[in-house]
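Visitor: Generate coordinates for the sequence data below:
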Amino acid sequence: MITLGDTVKDKITGFEGVAIGRAEYLAAPDQYLVQPKGSGKTDFSDSYWFNNDRLETTKKRKKIIGF
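Guide: As a prediction, this is how the structure comes out:
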């Protein structure tokens, strides 16, 4: 199961980033919004939505006390 804050990778395109949002649907697969890591202070990269079954977790988020 993907937790928000996990680093994930799309199995088809190789797009990798942090899961920052989740959408749940009644009659469709859940989707996650994936934000890639930027290369610098002023680098803004687009986030993209992916179906749950296309993503694999590459790194679990660190547990933060109180969250």
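
Visitor: any idea of the mean pLDDT in the longest strand along the chain?
Guide: For the chain, the strand that runs over the most residues, judged by DSSP state E, is strand 16-23. The average pLDDT for strand 16-23 rounds to 96.

Visitor: Next one: the residue nearest to the spatial centre of the chain from residue 51, what distance?
Guide: Centroid-nearest residue in the chain: residue 19, 2.2 Å away (criterion: C-alpha atoms, centre = their mean). For residue 19, the distance to residue 51 (C-beta to C-beta, to the nearest Å) stands at 13 Å. All C-beta spots, glycine's among them, are computed from the backbone N, C-alpha and C.

Visitor: try residue 21
Guide: Distance from residue 21 to residue 51, counting by C-beta to C-beta: 14 Å.

Visitor: so what's in contact with these two at the same time?
Guide: Here residue 21 and residue 51 have no joint contacts, going by C-beta atoms under 8 Å, 6 or more residues apart in numbering.

Visitor: quick one on the thing from earlier: who's the residue nearest to the centre of the chain bridged to?
Guide: Per DSSP bridges, the residues bridged to residue 19 are residue 34.

Visitor: what sits against it?
Guide: Here residue 19 is in contact with 2, 3, 4, 5, 6, 7, 8, 32, 33, 34, 55 (C-beta under 8 Å, 6+ apart).

Visitor: Which pLDDT value goes with the fifth one?
Guide: Same thing as residue 6. pLDDT at residue 6 comes out at 96.

Visitor: what about it, distance to residue 41?
Guide: From residue 6 across to residue 41, the span is 24 Å (C-beta to C-beta).

Visitor: Including distance to residue 61, neighbour count and secondary structure, could the contacts of residue 19 go into JSON lines?
Guide: Shown next, in JSON lines, are these (distance: C-beta to C-beta, whole Å; neighbours: other C-beta atoms under 10 Å; DSSP: H, G, I helix; E, B strand; the rest coil):
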{"residue": "2", "distance to residue 61": "10", "neighbour count": "17", "secondary structure": "coil"}
{"residue": "3", "distance to residue 61": "6", "neighbour count": "12", "secondary structure": "coil"}
{"residue": "4", "distance to residue 61": "8", "neighbour count": "12", "secondary structure": "coil"}
{"residue": "5", "distance to residue 61": "3", "neighbour count": "15", "secondary structure": "coil"}
{"residue": "6", "distance to residue 61": "5", "neighbour count": "18", "secondary structure": "coil"}
{"residue": "7", "distance to residue 61": "8", "neighbour count": "15", "secondary structure": "strand"}
{"residue": "8", "distance to residue 61": "10", "neighbour count": "22", "secondary structure": "strand"}
{"residue": "32", "distance to residue 61": "13", "neighbour count": "24", "secondary structure": "strand"}
{"residue": "33", "distance to residue 61": "15", "neighbour count": "16", "secondary structure": "strand"}
{"residue": "34", "distance to residue 61": "13", "neighbour count": "23", "secondary structure": "strand"}
{"residue": "55", "distance to residue 61": "14", "neighbour count": "22", "secondary structure": "strand"}
